[in-house]
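Visitor: Here is my input, please return the structure:
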Amino acid sequence: MTIADRRERDRQMRRDAIVDAAEKLFFAKGFAATTMDEIAAAAELSKGTVYLYFKNKEEIYVAIVRRGMRLLMDIFRAAVDAASTGMGKVKALGQGLFTFYERHPDHFTAVFYHHESGSCDGLEIDLEDPLVRGLMQDGEELYAFSIDAIQGGINDGTIRPDVDPMRTTLVLSSMILGLIRMVAVEEEFMLKKFNFSGRELIQQAFDLIEHSLASHR
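Guide: Next comes the predicted model:
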């Protein structure tokens with residue numbers, strides 16, 4: 001390992017330590033209530049060192065959201081690799097989104113509901129920031145999983161040829177996110193009253209979606 005490689009490794013380790021510390025604080029006490037001094041202390045670094053890597057809390061939060069998106073992308077890749085048809089990939093992506101919610105609930109909130117989460121009060125993101133532009137590219141990559149799966153289903157005959165991949169992706173993602181939000185609030189009630197789990201609800205939704213998208217040829 002060269003000196004340059006070692007320096008880059010150490011730099012990445014310090015950056016990761018800052019993000020790790022900030023994650024715990026943001027998720028536990030909220031964005032607005034967390035200070036850069038607290039992040040520095042939790043990361044066992046000076047505040048000046050933290051500012052060498054991130055100019056403010058917003059940049060750190062963007063790094064946390066991007067971390068969440070990478071976790072979701074890993075789940076999506078495994079989901080589409082395990083399915084053999086376009087329709088199968090679409091259903092697997094829906095289940096994958098619910099898996100992400102189950103495994104990483106705080107990152108799920110950070111990625112999809114940061115504008116409504118109490119943990120993020122006071123968050124103002126600069127859309128012109130290069131880090132934010134990277135975040136937007138991550139979002140486009142997430143949508144591409146579904147768009148490609150739907151187009152693949154049209155090509156292999158499992159999805160109707162008149163389906164628009166982009167519009168359908170927007171509809172499906174909104175529906176599933178809405179269902180997951182309901183599960184987050186009401187799953188205990190659903191289990192008691194209907195003996196119906198959140199995962200079963202998502203499965204039922206995709207059974208209906210499959211009937212609406214399926215090709216009849």
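Visitor: for the protein, longest helix please?
Guide: helix 165-194 (DSSP state H).
Visitor: got the buried residues for that one?
Guide: Buried positions in helix 165-194, judged by neighbour count with 16 or more other Cβ atoms under 10 Å: 165, 168-169, 172-173, 175-176, 179-181, 183, 187, 190. Backbone N, C-alpha and C define where each C-beta goes, glycine included.
Visitor: Helices along the protein, start to end?
Guide: 3-29, 36-43, 47-53, 57-82, 86-103, 105-112, 130-156, 165-194, 198-213.
Visitor: for those, which one ends up most surrounded?
Guide: Across those, averaging neighbours per residue (mean count of other Cβ atoms under 10 Å) puts helix 86-103 on top, at a mean of 22.
Visitor: and F196, what are its phi and psi?
Guide: phi -130, psi 120 (degrees, to the nearest 10).
Visitor: Let me have the helices of the chain in JSON lines, adding mean pLDDT as columns.
Guide: As requested, these are exported to JSON lines (pLDDT from 0 to 100):
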{"stretch": "helix 3-29", "mean pLDDT": "90"}
{"stretch": "helix 36-43", "mean pLDDT": "96"}
{"stretch": "helix 47-53", "mean pLDDT": "94"}
{"stretch": "helix 57-82", "mean pLDDT": "94"}
{"stretch": "helix 86-103", "mean pLDDT": "93"}
{"stretch": "helix 105-112", "mean pLDDT": "91"}
{"stretch": "helix 130-156", "mean pLDDT": "89"}
{"stretch": "helix 165-194", "mean pLDDT": "86"}
{"stretch": "helix 198-213", "mean pLDDT": "86"}
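Visitor: possible to save the buried residues of helix 165-194 as a markdown table with distance to E38?
Guide: Converted to a markdown table, those look like this (distance: Cβ to Cβ, whole Å):
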| residue | distance to E38 |
| --- | --- |
| P165 | 45 |
| T168 | 44 |
| T169 | 39 |
| L172 | 39 |
| S173 | 35 |
| M175 | 39 |
| I176 | 35 |
| L179 | 36 |
| I180 | 31 |
| R181 | 30 |
| V183 | 32 |
| E187 | 33 |
| M190 | 38 |
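Visitor: looking at it, A63 is touching A17, isn't it?
Guide: No. Using Cβ atoms under 8 Å, A63 makes no contact with A17, being 11.9 Å away.
Visitor: Next one: E23 from V65, what distance?
Guide: E23 sits at a distance of 11 Å from V65 (criterion: Cβ to Cβ, to the nearest Å).
Visitor: and what of T158?
Guide: On the measure of Cβ to Cβ, T158 and V65 end up 33 Å apart.
Visitor: And the chain, split by domain according to the record?
Guide: Following automatic domain parsing, one gets these domains for the chain: 1-54, 56-213.
Visitor: roughly how far out does the first one sit from the chain middle?
Guide: This points to domain 1-54. 21 Å (Cα atoms, centre = their mean, to the nearest Å).
Visitor: Which of the buried residues of helix 165-194 sits closest to V90?
Guide: L172 (7.3 Å; Cβ to Cβ).
Visitor: mind listing what L131 touches?
Guide: By Cβ atoms under 8 Å, 6 or more residues apart in numbering, the contact set of L131 is 59, 62-63, 66.
Visitor: cool, and A184?
Guide: Going by Cβ under 8 Å, 6+ apart, A184 touches 101, 105.
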